[in-house]
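Participant: Prediction below, plus the sequence it came from.
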Amino acid sequence: MGADLESISEATSGAIGSLLSTTILYPLDTCKTRYQAEARAHGQQKYRNLSDVFWEALSSGKVLSLYQGLGTKNLQSFIAQFVYFYGYSYFKKLYLEKSGSQSIGTKANLIIAAAAGACTAIVIQPLDTASSRMQTSAFGKSKGLWKTLSEGNWSDAFDGLGISLLLTTNPAIQYTVFDQLKQRIVKRNQKKAAKGSSPEALSAFSAFVLGAISKSIATFLTYPAIRCKVVIQAADPNDDETKKALPKSRKTVPRVMYAIWRREGALGFFKGLHAQILKTVLSSALLLMIKEKITATTWVLMLAIRQYLLLTRGRLKSA
């Protein structure tokens, strides 16, 4: 029961942190996604810099369109982080119970994080695809979630699932690096916690710094796959030249990789890397900072709810 409560506490605090960080940074995320999704045709580029996306929205009087798809993104983010943190916490505790170990090594941590990431990718893939299509639609012309998903068949809703499963290595690397660094920081002054006490928490600054470092490493190592995924999931652009560069029917991983290589060269796989790092580092650092600060409160609330349920159950039995 305690293990389940702690898993739920971790999942809830992670999901809330994700919801807040996603909302705060969403305009940057939209600019990043549109910049990454652009396919260069005949040497032409609509966006030379990340800021060009923002100026396009500003000059056309559609700044609020930078928030198109926010509801879907928040729903995706909340579900994804809840599933991920619950799965990660649950698998970690299961491993410790079965192995009898006191701590988790790097290899085991990677496997556990990858397993949690795979479960998450499968659950939220349709929302992920819809979110990308909404963000890359023409400003002011984004459709609702249901209409976006119902435009094609169910296989279209799972566009990029294979590459999403491959990208489970991203959070696996991120949270493994974060956990290992966190353990080193708290281990020096760590004491055995009394039963029912709140989990060990980092300071807000330490959580922010460790989150930024861990996400930077993970992003750099997996970025080529991230770029391919965005191109696969993007809405079909209105630009005829871009349609010729990457028509919808050809958006498979091998064809997208070939198109990027042929039209943009090896550096094309890293187009928008700076934007990705800026957004994801800030997002992950905020997420982990918020999560660390509210975990203790969430834990206390979970214990209070459990105590209330136990008392209620006792009264019903005695009645």
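Facilitator: Now that the structure is in, tell me what you want to look at.
Participant: Could you report the distance from the residue nearest to Gln68 when sequence neighbours are not counted to Ser132?
Facilitator: Distance criterion Cβ to Cβ, 6 or more residues apart in numbering; nearest residue to Gln68, sequence neighbours excluded, is Ser142 at 3.8 Å. Every C-beta, even on glycine, is put in place using the N, C-alpha and C of the backbone. Distance of Ser142 to Ser132, computed by Cβ to Cβ, to the nearest Å: 11 Å.
Participant: Please say which of the two ends up with more neighbours.
Facilitator: Set side by side, Ser142 and Ser132 show more neighbours around Ser132, with 28 against 20, by other Cβ atoms under 10 Å.
Participant: Give me the nearest residue to the more buried one, chain neighbours excluded.
Facilitator: Gln233 (3.8 Å).
Participant: you'd agree that neighbour is up against Pro126?
Facilitator: No. Counting by Cβ atoms under 8 Å, Gln233 stays clear of Pro126, with 10.8 Å between them.
Participant: Same drill for those two, tell me which one is more crowded.
Facilitator: Gln233 (24 against 20).
Participant: Retrieve the pLDDT associated with the more buried one.
Facilitator: At Gln233, the model reports a pLDDT of 81.
Participant: which residues touch it?
Facilitator: By Cβ atoms under 8 Å, 6 or more residues apart in numbering, Gln233 lies in contact with Asp128, Thr129, Ser132, Arg133, Asp159, Gly160.
Participant: ok, which stretches of the stretch 201-319 of the chain are helices?
Facilitator: Per DSSP state H, counting those that start in this stretch, the stretch 201-319 of the chain carries helices over the ranges 204-233, 240-245, 253-264, 273-318.
Participant: Point out the most buried one among those.
Facilitator: Ranked by average neighbour count under the criterion mean count of other Cβ atoms under 10 Å, the helices of the stretch 201-319 of the chain are headed by helix 204-233 at a mean of 20.
Participant: quick check: angle from it to helix 253-264?
Facilitator: Per axes from the mean of the first three to the mean of the last three Cα atoms, to 10 degrees, the angle that helix 204-233 makes with helix 253-264 is 90 degrees.
Participant: Looks like Leu221 contacts Ile173 (just checking).
Facilitator: Yes. Using Cβ under 8 Å, Leu221 makes contact with Ile173 at a distance of 6.3 Å.
Participant: these two touch, right, Ile8 and Met302?
Facilitator: Yes. Counting by Cβ under 8 Å, Ile8 does reach Met302; the two are 6.3 Å apart.
Participant: quick one: average pLDDT of whichever strand or helix holds Trp146?
Facilitator: Per DSSP states H and E, Trp146 falls inside helix 145-150. The pLDDT scores in helix 145-150 average 76.
Participant: Tell me how far the very next helix or strand once past it lies from the chain's centre.
Facilitator: Using DSSP H and E, the helix or strand that follows helix 145-150 in sequence is helix 154-157. Offset of helix 154-157 from its chain centre (Cα atoms, centre = their mean, to the nearest Å): 20 Å.
Participant: Can you give me the buried ones in the helix or strand following helix 154-157?
Facilitator: Remark: after helix 154-157, the chain's next helix or strand is helix 161-166, criterion DSSP H and E. By neighbour count on 16 or more other Cβ atoms under 10 Å, the buried set for helix 161-166 is Leu161, Ile163, Ser164, Leu166.
Participant: Before we move on, what's the pLDDT of the second one?
Facilitator: Which is Ile163. In this prediction Ile163 is given a pLDDT of 86.
Participant: For it, list the residues it contacts.
Facilitator: Contacts of Ile163 by Cβ under 8 Å, 6+ apart are Ala225, Cys228, Lys229, Ile232, Val253.
Participant: low pLDDT regions in this protein?
Facilitator: For the chain, the stretches with pLDDT under 70 are 1-7, 39-44, 152-154, 188-202, 235-251, 318-319.
Participant: hmm, 50 instead?
Facilitator: 1-3, 42, 192, 195-196, 237-242, 245 (pLDDT under 50).
Participant: Pick out the residue nearest the middle of it.
Facilitator: Ser77 (6.4 Å; Cα atoms, centre = their mean).
Participant: how about it, what does it touch?
Facilitator: So Ser77 contacts Ala15, Ser18, Leu19, Thr22 (Cβ under 8 Å, 6+ apart).
Participant: ok, of these, which one's closest to Arg313?
Facilitator: Minimum distance to Arg313 across the contacts of Ser77 is 27.4 Å, recorded for Ala15 (Cβ to Cβ).
Participant: What segments of the stretch 1-150 of the chain are helices?
Facilitator: 2-24, 26-37, 50-59, 70-99, 106-136, 145-150.
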